[in-house]
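1. sequence first, then the predicted structure:
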Amino acid sequence: MKILFWFLIIPGFLFTSTVGLLASWIDRKVTARVQWRVGPPVLQPFIDVVKLLGKETILPRTADKITFLTAPVLGLVSITLISTILWVMIADPKVGFLGDLIVLVYLLAIPSISVIMGGFASGNPIASIGASREMKLLLSYELPFVLAVFVPVIKAGGIIRIGELLSIQAQSGAFATNISGFIALVVAIICMQAKLALVPFDMAEAETELIGGPIIEYSGTPLAIFKLTRASMLFTVPMFLVVIFMGGIVLSFPGIIWGILKYVLLLVIIVLIRNTNPRIRIDQAVKFFWGPVTVLAILAVVLAFIGV
Amino acid sequence: MSHKVTIPIGPYHSLQEEPEFYQLTVDGETVTDIDVRIGYVHRGIEKVAESKSFDKIIFLVERICGICSTSHPMASVLAMEDVSGVEVPDRAQYIRTIVCELERIHSHLLWIGLAGHFLGYNTVWMWAWKYREIVCDIFEAITGNRQNYGMMKIGGVRRDIEDEYLPGIMKGMDDVLRALDMFKGAVLDDPVLAARLKGVGILSKADALSYSALGPTSRASGVDKDVRRDDPYAAYDRVKWNVITQKDGDVFAKAVVRILESYESVSIVKQCLQKMQKGPIDSDPKELPEGEGIGHAEAPRGEVFHYVKSDGTNSPERYKVRAPTFMNFPTFKATVIGETISDATIILAAIDPCYCCTERMTVVNRKDKKTILTGEDMIKMSQDKTRRMYKRMTGKELA
């Protein structure tokens, strides 16, 4: 019962999606102000989702119906699960199990996989091109991302429990304050931009090329679930980085402010990158991630081994 | 393993503001063939023109395009002045030049914005359009409209530019210059943009010549052609300016040409404002004699060509328009094939296409709704028509 409450209300589904939608409002508003527009009111992301929920769901004739409809749910469930685990950990670092870090890294890939599933299941050529791009992107950024996640593990002496990573950071300072940890954080931020499918790595959706790509055939409730997943990711993925690189959030009076500031810093970086870059091509993205970013990540791992 | 997929761009697509239909045949991400279908926004302007008086035709052709909305009237009045041989007062020539160049600035800024949007760089889009507002405001002040200015008239212009507006226009031009400096820095020096645009969609000089590409599309490929210099109209021969060319022919070169051309336009506007003398703006001709005339003007997208045949009445016997996109979009065959889908969109956008301006005729077979007249059919129809007209006019068969 307690776990169900955690999963569905706080810190799970309700909390994550509410904060996520708020974060997506901040993203939209800041983007609008950067672009000399007025931007939407606070409630607009909520209204969008509620309105989509009430719209008709159209199933394309060519689609594989079960996969087509389960794909969005899969993404939302996994991102909610990540958020739940992270926040339970933040509240009480002693909870958790050996290897929960690995579980989270796996779960973080599932929203992308759900997009790929949905894209291929819809049977639309544009969606399948988008899905294949998403797949290439996933393959390209996972390697440096995992390497970056290695760095805190090495720093903590081979510990793969998030709770212990948090308590070590609470004692000896955040990992990002070291050179290797900082490089790893930079790599992770670049990979996060790709995970969130934001410019310059939004080539899977590419509205002016593929008109939404994998989600082109989605409408009504499944589309709302995808949007909700997107919004939740905008909250959860930066939180994951805050936890493993930046010392997490201490749930006491000054600590919580610092925690929020850490998250806002990451959000600002995301919005800045997104507004100062054009979309790059998928081949350029693969070259970028497997080239300079992976080299940077390996450098961080080596430095962490040396102990810098 | 090769798996061929057809990607439709259109008839309605978020890439384009107008309906048109490209079918890209792709192999993986690489485009192997392109098929273009236009004709969704055919409006029968030429036929309508034949039923309107010469005064009204100028307003009609102004509606061919919302963006180059002074190039078409410009070419139209040039064609009609070619028929009548009427002299245009100096001040009117300068005002025409100013309006034409302001239009070029706003059109190029619009393109920069759209190109940014197609690349997913929405900040450039919004910023370019914000600075385009300066030009639109100037237009509103001097012509009364932001678009479709209604300035051109056979033998002159319809409105004078009042002296009180001159400082405002000068200041506006300085603001535009600052914005252009910013774009030159932000767009041309951005490494990511360079990676996206350089070497993409190359139109070689030979291809540009064989497809008869026009305007910035050809000048980016090193074809040194510009109607404003080669056959000066308005006051272009009285001001100092340069024709901008680039060698590479890729999308980046097209962007460079457009940005640098905007600088020239600012300089032309400023020179015209300084050189303009007080005087009449209209020679007010009363009628058009019988005869034929052509007029061509350099629109922001390339040469606009108008032909008029007058039979001495108050409306033309034949009116013919050729918009620049008509010559530019066949270059897709040379530029898009072999590139990836991601690049196809920006290559399609790089010629700054304007479809409803281009569309003159389409024939659809209503039985299968697919067959459209082929090039040979069109040539045959054209030859038949020449024969008929020859017979009617001379009473003899054409050999």
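-> Sure, I can see it. If you're wondering where the values come from, they're calculated on a predicted model, not measured in any experiment. Numbers count the residues shown, from 1 in each chain, chains lettered A, B, ... in the order given.

2. what residues does the stretch 201-308 of chain A have near chain B?
-> A:202-203, A:206-211, A:275-284 (C-beta under 8 Å from any C-beta of the partner chain). C-beta: built from backbone N, CA, C; applies to glycine.

3. give me that answer again for 10 Å
-> Contact residues (C-beta under 10 Å from any C-beta of the partner chain) of the stretch 201-308 of chain A with chain B: A:201-203, A:205-212, A:274-284, A:287-288.

4. what residue in the stretch 201-308 of chain A comes nearest to chain B?
-> Nearest residue of the stretch 201-308 of chain A to chain B, counting by C-beta to the nearest C-beta: residue A:279, 3.1 Å away.

5. thought that residue was touching residue A:213?
-> No: counting by C-beta atoms under 10 Å, residue A:213 is not a contact partner of residue A:279; they are 11.7 Å apart.

6. just the buried residues from the residues of the stretch 201-308 of chain A next to chain B, in PyMOL please.
-> The following PyMOL command selects only the buried members of those, with burial defined by 16 or more other C-beta atoms under 10 Å in any protein chain shown:
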select buried, chain A and resi 201+202+203+205+206+207+208+209+210+211+212+274+275+276+277+278+279+280+281+282+284+288
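
7. which ones among the residues of the stretch 201-308 of chain A next to chain B are found in strands?
-> Members of those lying in strands (criterion: DSSP state E): none.

8. show me the domain layout of chain B.
-> Following automatic domain parsing, chain B resolves into domains at B:45-331+B:353-358, B:366-399.

9. now render these as a markdown table, adding mean pLDDT, distance to chain A and mean neighbour count.
-> Converted to a markdown table, those look like this (pLDDT from 0 to 100; distance: least, C-beta to the nearest C-beta, whole Å; neighbours: other C-beta atoms under 10 Å in any protein chain shown):
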| stretch | mean pLDDT | distance to chain A | mean neighbour count |
| --- | --- | --- | --- |
| domain B:45-331+B:353-358 | 87 | 3 | 20 |
| domain B:366-399 | 71 | 20 | 10 |
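
10. for those, which one sits closest to residue A:60?
-> domain B:366-399 (23.5 Å; C-beta to C-beta).

11. just to revisit the earlier point, kindly reformat the domains of chain B as TSV containing distance to residue A:240.
-> Putting the domains of chain B into TSV (distance: least, C-beta to C-beta, whole Å) gives the following:
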stretch	distance to residue A:240
domain B:45-331+B:353-358	25
domain B:366-399	53
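
12. for the ones you listed, which one sits closest to residue A:96?
-> That would be, of the domains of chain B and by C-beta to C-beta, domain B:45-331+B:353-358, which comes in at 39.2 Å.

13. centre of the chain versus the lengthiest helix in chain B, how much separation?
-> With secondary structure taken from DSSP state H, chain B has its longest helix at helix B:90-118. Distance, stretch centre to chain centre, for helix B:90-118: 11 Å (C-alpha atoms, centre = their mean, to the nearest Å).

14. helices or strands up against the helix or strand that comes right after it?
-> Going down the chain from helix B:90-118, the next helix or strand is helix B:122-143, by DSSP states H and E. Counting contacts by 3 or more C-beta pairs under 10 Å, 6 or more residues apart in numbering or on different chains; DSSP states H and E, helix B:122-143 packs against helix A:13-34, helix A:253-275, helix B:90-118, helix B:166-188, helix B:251-275.

15. nearest to residue B:353, of these?
-> Closest among these, once you apply C-beta to C-beta, is helix B:90-118, at 10.2 Å.

16. export stretch A:287-307 as CSV, just CAs?
-> Output of stretch A:287-307 as CSV, limited to C-alpha atoms (Å, rounded to 0.1, in the frame of the first residue of the first chain):
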residue,chain,number,x,y,z
LYS,A,287,30.0,11.1,-35.0
PHE,A,288,29.7,13.7,-32.2
PHE,A,289,28.8,11.2,-29.5
TRP,A,290,31.1,8.4,-30.5
GLY,A,291,33.9,10.9,-31.2
PRO,A,292,34.6,13.9,-28.9
VAL,A,293,32.0,13.0,-26.3
THR,A,294,33.1,9.4,-25.8
VAL,A,295,36.8,10.6,-25.7
LEU,A,296,35.8,13.1,-23.0
ALA,A,297,34.0,10.4,-21.1
ILE,A,298,36.9,8.0,-21.2
LEU,A,299,39.2,10.9,-20.1
ALA,A,300,36.9,11.4,-17.1
VAL,A,301,37.0,7.7,-16.3
VAL,A,302,40.8,7.6,-16.5
LEU,A,303,41.1,10.7,-14.4
ALA,A,304,38.8,9.2,-11.8
PHE,A,305,40.9,6.1,-11.7
ILE,A,306,44.0,8.2,-11.1
GLY,A,307,42.0,9.9,-8.4
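
17. quick revisit: got CSV for the helices and strands packed on helix B:122-143, with distance to residue A:226 too?
-> CSV is the format used below for the helices and strands packed on helix B:122-143 (distance: least, C-beta to C-beta, whole Å):
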stretch, distance to residue A:226
helix A:13-34, 12
helix A:253-275, 18
helix B:90-118, 23
helix B:166-188, 33
helix B:251-275, 32
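
18. which residues sit in contact with residue B:82?
-> The contact partners of residue B:82, taken as C-beta atoms under 10 Å, 6 or more residues apart in numbering or on different chains, are B:291, B:292, B:293, B:294, B:295, B:306, B:307, B:308.

19. residue most distant from the centroid, chain A?
-> Most distant from the centre of chain A: residue A:61, at 31.6 Å, with distances by C-alpha atoms, centre = their mean.

20. is it correct that that one is in contact with residue A:68?
-> No: with contact defined as C-beta under 10 Å, residue A:61 does not count as touching residue A:68 (11.3 Å).

21. between those two, what contacts are shared?
-> Common neighbours of residue A:61 and residue A:68 (C-beta under 10 Å, 6+ apart) are residue A:123.

22. all the helices of the stretch 151-300 of chain A, residue numbers only.
-> Assigned helices in the stretch 151-300 of chain A, in chain order: A:162-172, A:179-195, A:220-245, A:253-275, A:282-288, A:294-306 (criterion: DSSP state H, counting those that start in this stretch).

23. what do you get for the stretch 1-150 of chain A?
-> Under DSSP H, counting those that start in this stretch, the stretch 1-150 of chain A gives helices at A:2-8, A:13-34, A:44-53, A:65-91, A:100-121, A:125-155.

24. residue nearest the centroid of chain B?
-> So for chain B, C-alpha atoms, centre = their mean, it's residue B:301, sitting 3.6 Å from the centre.

25. what does chain A give?
-> residue A:237 (3.5 Å).

26. wait, what's in contact with it?
-> Residue A:237 neighbours (C-beta under 10 Å, 6+ apart): A:79, A:82-83, A:108, A:111, A:188-189, A:191-193, A:195-196, A:266, A:270.

27. what of residue B:59?
-> Neighbours of residue B:59 in contact, by C-beta under 10 Å, 6+ apart: B:52, B:73, B:76, B:148, B:150, B:152.

28. skip the chain neighbours and tell me the closest residue to the second one.
-> Among residues not flanking residue B:73 along the chain, residue B:152 sits closest, at 3.8 Å (C-beta to C-beta, 6 or more residues apart in numbering or on different chains).

29. contact partners for that neighbour?
-> Per C-beta under 10 Å, 6+ apart, neighbours of residue B:152: B:58-59, B:61-62, B:70-78, B:80, B:92, B:95-96, B:99-100, B:158.

30. what does residue A:36 give?
-> Residues near residue A:36 by C-beta under 10 Å, 6+ apart: B:123, B:126, B:127, B:129, B:130, B:131, B:133.

31. ok, 7 Å please
-> B:126, B:127, B:130 (C-beta atoms under 7 Å, 6 or more residues apart in numbering or on different chains).
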